[in-house]
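Participant: What would the 3D arrangement of this be:
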Amino acid sequence: MEAPATFPAVARGVPSVHAVVLNYRTPTLTATAVERLQQSAFPQDDLRIWVVDNGSADGSVEFIRAAHPDVPVVAAPDNLGFAGGNNLALRRILAELPVGADRAATFVLLLNSDTEVEPHALPTLVDFMHRHPEAGVVGPKLVLPDGSLDLACRRGFPTPLRAFWKLTGMSKLFPNNPRFAGYNLTHLDENALTEVDSVVGACMLVRVAAIDQAGLLDEDFFMYGEDLDWSYRIKQHGWKVYYQPAALVHHVKGASSRRRPYRMIYEFYRAMWLFHRKHYAKQSPRLLNWVVLAGIVARWGIAVAVNTLRPAERIRAG
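Facilitator: Predicted coordinates for the structure are as follows:
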């Protein structure tokens, strides 16, 4: 049994964890997400919380500043997407780290506004990173309102074969078969600590030293896929990515995007193609690339049709 979580001494005014909460027209949820972080068992003098408002233009900035006057709010002029919004804060965080700061022991927590962090989740994640210096990223167990696992919280990279199994529905038909379940990893125990390819941007703790090597989030991705791409680039530099189910986070999922279902569907399938084109297209036969693109377009069309005909059963991408 591991010893209780311990954390290095905090240098005055230099927190080791910077949490970034991204808001887009969900001010009440954002204020609650911040409050839950402030109620965390993690030492508050070692935590700095940032909020990025992604061009909400609905009074979100004023609401959040009034609710949490001690939390800096970075206001974007427009909706820059998940990557662009988070990068606004990441650039400031990295620029403000003092010379000589231990960047291997400094972390950034990305957090969606529609998440609620259990009190011991953050200390569990940070303690894990201190115990595992090879880890560049760790993510918690995310559960949906019905208590089920958010399948996006632990994933394999969508290789052409895994993408094929997902697009054809085979991964859903055979969720316990490792041949078909390599993307959402549904064949694995959801309560087991696991090394994975990627966790989800809704809640991921990233080591600053890994960011220094891999760079910021890729802003070509707007709403989906940027977490997969970031994990891919971080792993290319030799870091490992872990799923730590001992840390629990609740996820409403889609609070910012449910008002824009068609944009959500488009961005999800666009991200699938962007990821393939960026990481697999060059080493894949041209015919395979066309097959992948055709499959993505076909699934996009089906998703749009289902969303139109059965709006009460809108497809939830992920």
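
Participant: Spit out the contact partners of the closest residue to Trp230 other than its chain neighbours.
Facilitator: Leaving aside its sequence neighbours, Trp230 sits nearest to Leu217 (Cβ to Cβ, 6 or more residues apart in numbering; 5.6 Å). All C-beta atoms are positioned from the backbone trio N, CA, C, and that covers glycine. Shown in contact with Leu217 (Cβ atoms under 8 Å, 6 or more residues apart in numbering): 82-84, 86-87, 90, 226, 229-230.

Participant: Among these, which pair sits farthest apart?
Facilitator: Farthest-apart pair in the contacts of Leu217 is Leu90 and Asp229; separation 14.6 Å (Cβ to Cβ).

Participant: Wait, a helix at the residue nearest to Trp230?
Facilitator: No: judged by DSSP: H, G, I helix; E, B strand; the rest coil, Leu217 forms no part of a helix; its state is coil.

Participant: distance of it from Val20?
Facilitator: 11 Å (Cβ to Cβ, to the nearest Å).

Participant: three-state assignment of Val61?
Facilitator: helix.

Participant: so it makes contact with Val74?
Facilitator: No: in this structure, Val61 is not within contact of Val74 by Cβ atoms under 8 Å, at 9.4 Å.

Participant: who wins for most neighbours among the contacts of Leu217?
Facilitator: Trp230 (29 neighbours; other Cβ atoms under 10 Å).

Participant: Quick one: list the elements packing against the one helix or strand Gly295 maps to.
Facilitator: For Gly295, the element it lies in under DSSP states H and E is helix 286-309. Applying 3 or more Cβ pairs under 8 Å, 6 or more residues apart in numbering; DSSP states H and E, one finds that helix 286-309 contacts helix 160-167, helix 261-279.

Participant: Spatially central, which residue of this structure would that be?
Facilitator: Per Cα atoms, centre = their mean, the C-alpha nearest to the average position across the chain is that of Gly201, at 0.5 Å.

Participant: mind listing what that one touches?
Facilitator: Going by Cβ under 8 Å, 6+ apart, the list of residues near Gly201 reads 82, 86, 110, 112, 226-227, 230.
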